[in-house]
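Visitor: Structure for this input, please:
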Amino acid sequence: MKIVIVGGVAGGATAAARIRRLDESAQVVVFERSGHVSYANCGLPYYIGGVIQDPAELTLQTPESFWRRFRIDMRVRHEVLAIHPEKKTVSVRSLDSGEEFEERYDKLLLSPGAQPTQPQVPGVGLERLFTLRTVEDTLRIRRFVEQARPRSAVLAGGGFIGLEMAENLRDLGLDVTIVQRPQQLMNPFDPEMASFIHGKMRQRGVKLLLGRTVEGFEDAGSRVRALLKGEEPLQADMVVLAIGVTPDSQLARDAGLALGIKGSILVNDRMETSAPDIYAVGDAVQVKHSVTGEDTLISLAGPANRQGRIAADNICGGDSRYPGSQGSSVLKVFDMTAAVTGINERSARRAGIRWDKVYLSPANHAGYYPGGRMMTMKVLFDPDTLRLLGAQIVGFEGVDKRIDVLATAIRAGMSALDLAELDLAYAPPYSSAKDPVNMAGFMMENLSRGLVKQFHWDQADALPRDGSALLLDVRTPMEYQRGHLDGFVNIPVDELRERLGELPQGKPVYLVCQSALRSYLACRVLAQEGFDCSHLAGGYRLYESVMLDRAAAERSLPCGMEP
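Guide: Model (predicted):
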C-alpha cells in the first residue's frame with residue numbers, strides 16, 4: 001500500500017509515524033512545501049525573542065531522521081499542485097529544481113494546515129510587513145530584528161500569535177502596539193476575564209488599541225505606516241499580521257472535495273473526506289465542538305496530532321473515531337498564564353445553551369506556604385443538568401494544572417457536583433486540601449441547592465440606590481477606603497452578627513467583598529435571619545479589573561492589576 005501525505009508538520013508527521021508503527025510494509029511519501037518537517041509551530045515566537053537560542057531546536061525531526069527511524073520518504077520543498085481523485089495521483093513540483101511530476105497513491109492524507117489571514121487592504125506585501133507560520137517566516141523576522149534593529153512594532157491581531165509576539169518583541173526592548181477590531185484580546189475568553197490579560201499587557205508596556213480597524217499599510221521609507229479607520233495612522237519599524245488563520249484548502253477545492261465553514265475541508269469522524277481513499281486532518285478541516293455539537297474550526301496542535309493518529313489508524317484498516325474538540329488551550333502572558341477549555345458565554349448564547357457561572361479567586365497552593373499567588377477562575381455550567389460547559393483561568397503557577405483537570409472533567413461528561421468529589425493530590429507547595437477545582441464544585445452545588453444567590457459585575461451599577469435595597473460591603477474598613485461600589489455601606493463580616501439590629505427587615509440585601517468568599521459567608525448569616533440576600537460573584541476585584549480596563553481603553557494609557 002502506498003500512502004501520500006500532503007503536509008509534514010503536526011497532523012501529517014504524526015500520521016506518517018503512526019502508519020509505520022501499524023504497517024511496516026507500507027510505502028509512505030510526505031510532500032512538505034516548506035524546508036522543514038515536524039517543526040514546533042508554537043515555539044516560533046520564542047525563537048524570535050531569543051528564549052530559544054538554537055534554530056535546530058525548532059525542528060523535532062528532519063527528513064534524514066525520519067528516514068533512519070521510520071523509513072518514511074520526507075520530501076521538503078515539494079509543493080503539491082493538484083489532486084486527481086479519478087486517477088489516484090497528485091501533481092507535484094520541486095521548488096528547487098522546478099521539475100513537475102505525478103505521484104500515485106492508494107491512500108491520500110491532506111494535512112495542509114492554515115495560512116495567516118491576509119486582509120484585502122492596500123500595502124499587504126511590503127518588505128517590513130511580516131506573517132508568522134513557518135520556520136522560514138521565523139528566520140526572516142529574526143534576521144530582520146538582528147540586522148535592522150527595529151525599535152517599534154505594530155501587531156495587527158490579538159490572538160495567540162499576536163500576544164506571544166508582543167511579549168517576545170517587548171522583551172527585546174521594542175515599543176509594541178496591538179491593534180485589532182474586536183474590543184478585547186483572546187476571543188476564547190469572556191470580556192471580564194480578558195480584562196486581566198489586558199492589565200498585564202499594559203503593565204508590561206504593550207499599548208492596546210482595541211476596537212480599531214486597520215485599513216491598509218504604506219511604505220514610509222525605513223518605517224511602515226498602519227492606516228486606521230477614522231484615526232491618525234501609526235508608524236512603526238515593522239508590522240506583524242496576526243489577525244487569524246484561514247484553512248489552506250485550495251487543493252481540496254480544486255479537486256472537488258466537499259467543503260465546510262470558511263472553506264474548510266469537510267470530513268467525517270473517521271477523518272475521511274467526500275472522495276474515496278482521501279483523508280484530511282489539522283487546521284484545514286471542519287470538526288464538531290464536543291460541548292455544543294456545532295461545526296467549528298479549531299486550529300490547535302493537540303487536535304491536529306490526535307486527528308493524524310486517527311486517520312492513520314483508519315488508513316491501516318482500523319476504525320478510530322474523532323469525538324470532536326473542546327478547544328483547550330493555554331497561553332503565557334509574560335509571567336502570567338491564561339487558559340481556557342470548553343465554551344464561553346458568547347458561544348453558549350449562540351448555541352442556545354442555558355448557562356450559569358461561578359467565579360473564584362483561590363491561591364495556587366496552601367495559604368500558609370510561602371509564595372502563593374492568586375488565580376481567577378470562571379466555570380460555566382448548565383443550571384438544569386449541572387453539566388460542565390467551560391472554564392477560563394488567569395493567574396500564575398498552577399493554572400495549567402487546573403484547566404487540564406477541568407478539561408478532563410468536561411470530556412468525561414462530569415457534572416458540577418462531581419468536581420466536589422474529585423480526589424486530587426495535595427501537599428502545601430502544590431495545592432490546598434480543598435483544591436480550587438473542588439471549590440468550584442462546592443460553589444456550583446451551593447447555587448443548585450439554593451443556599452446562595454449571586455449577581456454579576458455587569459449588574460452592579462444597576463442596583464437600586466434609592467433606599468429600596470440594602471447595599472453592604474463586608475470587607476475591612478481599610479479595603480473599603482481603597483475603593484468601593486457607589487452606595488454600599490461598610491459593615492465588616494466579622495461584625496455582622498453583632499450589628500444585625502442596624503439592618504432593616506423587608507429589603508433585599510446585596511453584598512460585596514473582595515473575592516466573594518466573605519460576602520458568601522455574610523449571605524449565609526443573613527439568609528438564616530430571614531433576609532433575602534445576594535452577593536457579587538467574583539467580588540470587587542473582578543468588578544475593579546473590568547472598570548480599570550475600560551478606563552485604560554478610553555485613555556489608551558498603561559494600567560493594570562494582577563488577577
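Visitor: only C-alpha atoms for contact and neighbour calcs from this point on.
Guide: Noted.
Visitor: show me where the stretch 251-400 of the chain has strands.
Guide: All strands of the stretch 251-400 of the chain, identified by DSSP state E, counting those that start in this stretch, fall at 278-280, 287-288, 295-296, 329-333, 336-342, 356-360, 376-381, 388-395.
Visitor: what's the closest of those strands to Val512?
Guide: strand 356-360 (13.3 Å; C-alpha to C-alpha).
Visitor: Lys2: how many residues sit nearby?
Guide: When neighbours are counted by other C-alpha atoms under 10 Å, Lys2 registers 13.
Visitor: Next, the closest residue to it other than its chain neighbours: phi, psi?
Guide: Nearest non-adjacent residue to Lys2, counting by C-alpha to C-alpha, 6 or more residues apart in numbering: Gln27, 4.6 Å away. Here is the backbone geometry of Gln27 (degrees, to the nearest 10): phi -90, psi 120.
Visitor: Please identify the buried residues of the lengthiest helix in the chain?
Guide: Longest helix of the chain, by residue count under DSSP state H: helix 539-555. Across helix 539-555, burial judged by 16 or more other C-alpha atoms under 10 Å covers Gly539, Tyr540, Arg541, Leu542, Tyr543, Glu544, Ser545, Val546, Leu548, Asp549, Ala552, Ala553.
Visitor: for stretch 401-420, same thing?
Guide: Neighbour counts over stretch 401-420 (16+ other C-alpha under 10 Å) mark 402-404, 406-407, 409-411, 414-420 as buried.
Visitor: so which of the residues you listed comes closest to Pro276?
Guide: Using C-alpha to C-alpha, Arg411 comes nearest to Pro276 of these, at 30.9 Å.
Visitor: For Leu485, give me its contacts.
Guide: Tyr540 (C-alpha atoms under 8 Å, 6 or more residues apart in numbering).
Visitor: May I have the secondary structure class of it?
Guide: Using DSSP: H, G, I helix; E, B strand; the rest coil, the structure places Leu485 in coil.
Visitor: quick one: it and Tyr520, what's the gap?
Guide: According to C-alpha to C-alpha, to the nearest Å, Leu485 stands 17 Å off from Tyr520.
Visitor: before we move on, the earlier item: same list (the strands of the stretch 251-400 of the chain) but as a markdown table, adding mean pLDDT and distance to Ile310.
Guide: Conversion of the strands of the stretch 251-400 of the chain to a markdown table gives the following (pLDDT from 0 to 100; distance: least, C-alpha to C-alpha, whole Å):
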| stretch | mean pLDDT | distance to Ile310 |
| --- | --- | --- |
| strand 278-280 | 98 | 10 |
| strand 287-288 | 96 | 13 |
| strand 295-296 | 95 | 19 |
| strand 329-333 | 96 | 21 |
| strand 336-342 | 98 | 22 |
| strand 356-360 | 98 | 34 |
| strand 376-381 | 98 | 30 |
| strand 388-395 | 98 | 25 |
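Visitor: Can you say which of those strands is nearest to Leu210?
Guide: Short answer: strand 329-333, nearest of the strands of the stretch 251-400 of the chain by C-alpha to C-alpha, at 17.5 Å.
Visitor: Okay, now the sheet partners of the closest one, with direction.
Guide: Sheet pairing of strand 329-333 (DSSP bridges) gives strand 336-342 (antiparallel).
Visitor: Just the C-alphas of the partner strand, formatted as PDB.
Guide: Listed next in PDB are the C-alpha coordinates belonging to strand 336-342 (Å, rounded to 0.1, in the frame of the first residue of the first chain):
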ATOM      1  CA  MET A 336       1.200  35.200  33.800                       C
ATOM      2  CA  THR A 337      -0.700  32.200  32.500                       C
ATOM      3  CA  ALA A 338      -4.100  32.300  30.800                       C
ATOM      4  CA  ALA A 339      -6.000  29.100  29.900                       C
ATOM      5  CA  VAL A 340      -9.400  28.100  28.600                       C
ATOM      6  CA  THR A 341     -11.400  25.000  27.800                       C
ATOM      7  CA  GLY A 342     -15.000  24.400  26.500                       C
END
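Visitor: if we can go back for a sec, is it possible to export the buried residues of helix 539-555 to JSON lines including distance to Val76 and pLDDT?
Guide: Shown next, in JSON lines, are these (distance: C-alpha to C-alpha, whole Å; pLDDT from 0 to 100):
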{"residue": "Gly539", "distance to Val76": "55", "pLDDT": "97"}
{"residue": "Tyr540", "distance to Val76": "55", "pLDDT": "98"}
{"residue": "Arg541", "distance to Val76": "52", "pLDDT": "96"}
{"residue": "Leu542", "distance to Val76": "50", "pLDDT": "97"}
{"residue": "Tyr543", "distance to Val76": "52", "pLDDT": "98"}
{"residue": "Glu544", "distance to Val76": "52", "pLDDT": "97"}
{"residue": "Ser545", "distance to Val76": "49", "pLDDT": "97"}
{"residue": "Val546", "distance to Val76": "48", "pLDDT": "97"}
{"residue": "Leu548", "distance to Val76": "50", "pLDDT": "95"}
{"residue": "Asp549", "distance to Val76": "47", "pLDDT": "95"}
{"residue": "Ala552", "distance to Val76": "48", "pLDDT": "92"}
{"residue": "Ala553", "distance to Val76": "46", "pLDDT": "88"}
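Visitor: I figured Val206 hits Val176, correct?
Guide: Yes: in terms of C-alpha atoms under 8 Å, Val206 counts as a neighbour of Val176; the distance is 5.3 Å.
Visitor: returning to what we had before: and which of the buried residues of stretch 401-420 is nearest Glu272?
Guide: When the buried residues of stretch 401-420 are compared against Glu272 (criterion: C-alpha to C-alpha), the nearest one is Arg411, at 23.2 Å.
Visitor: Could you report the neighbour count for Cys316?
Guide: Count around Cys316 with other C-alpha under 10 Å applied: 18.
Visitor: can you list the weak-confidence ranges in this structure?
Guide: Where the chain drops to pLDDT under 70, the residues are 556-563.
Visitor: Distance of the one residue sitting closest to the centre of it relative to Ser299?
Guide: The chain has Ser329 as the residue nearest its centroid, 4.8 Å off, counting by C-alpha atoms, centre = their mean. Separation of Ser329 from Ser299 (C-alpha to C-alpha) stands at 10 Å.
Visitor: and if you look at Leu447?
Guide: Leu447 is 35 Å from Ser299, by C-alpha to C-alpha.
Visitor: same question, Arg143
Guide: Distance of Arg143 to Ser299, given as C-alpha to C-alpha: 27 Å.
Visitor: who's more crowded, the two?
Guide: Ser299 (19 against 13).
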